[in-house]
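Novice: I would like the atomic coordinates for the input below:
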Amino acid sequence: MNPQTGVTKETAGAEPAAVLPSLESLTKRADFLAAAKGLRKGTTGFHLQARDRGTGGPIRFGITCSRKVGNAVARNRAKRRLREVARAELPLHGCAGWDYVLIGRREITAAHPFTEMRADLVRALQELHR
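Specialist: Sure, this is the predicted structure:
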């Protein structure tokens, strides 16, 4: 390794890694309500709401599961799964400057196959951004 540049023989001449947009969490109720007035797309495992903030910036996402999803254990499991789906797919397929809200569905979100949920999110994003 060259101490002046920090470049090793393995990384010399290597292409830089692709830069993915950053993700932020929605925290304010007003942001969730604004997304509810935007575009909507239902999938097997969850509902997706999206809106264009029009300002660019990071991709923001929120997760919500009502008591209809189940007891606290089922709601937390559904939210964890939705959070991981969003973290995996939104940087690749989401648009910068958009807000996305994933809403859990009763008895389905916690049990739906994870790979299918990822595919559902990709498909829903493609349809919304057409």
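Novice: any idea how far residue 51 is from residue 97?
Specialist: Distance, residue 97 to residue 51, by CB to CB, to the nearest Å: 10 Å. No exception for glycine: its C-beta is placed from N, CA and C like everyone else's.
Novice: over to residue 106: give its phi and psi.
Specialist: The phi and psi values for residue 106, taken as degrees, to the nearest 10, are phi -60, psi 130.
Novice: with adjacent residues omitted, what lies nearest to it?
Specialist: Using CB to CB, 6 or more residues apart in numbering and skipping residues adjacent in sequence, the residue nearest residue 106 is residue 68, 5.0 Å away.
Novice: and the residue nearest to the spatial centre of the chain, what element?
Specialist: Residue closest to the mean C-alpha point of the chain, counted by CA atoms, centre = their mean, is residue 86 at 2.5 Å. Using DSSP states H and E, the element containing residue 86 is helix 72-93.
Novice: report the buried residues of that helix.
Specialist: Within helix 72-93, the residues that count as buried by 16 or more other CB atoms under 10 Å are 74-75, 77-79, 81-82, 85-86, 89-91, 93.
Novice: quick one: residue 88 from residue 94, how far?
Specialist: Taken as CB to CB, the span from residue 88 to residue 94 is 11 Å.
Novice: with residue 115 instead?
Specialist: 19 Å.
Novice: go through the lowest-mean-pLDDT helix or strand in the chain and flag the buried ones.
Specialist: Lowest on mean pLDDT, DSSP states H and E among the helices and strands of the chain sits strand 23-25, with a mean of 90. Across strand 23-25, burial judged by 16+ other CB under 10 Å covers no residue at all.
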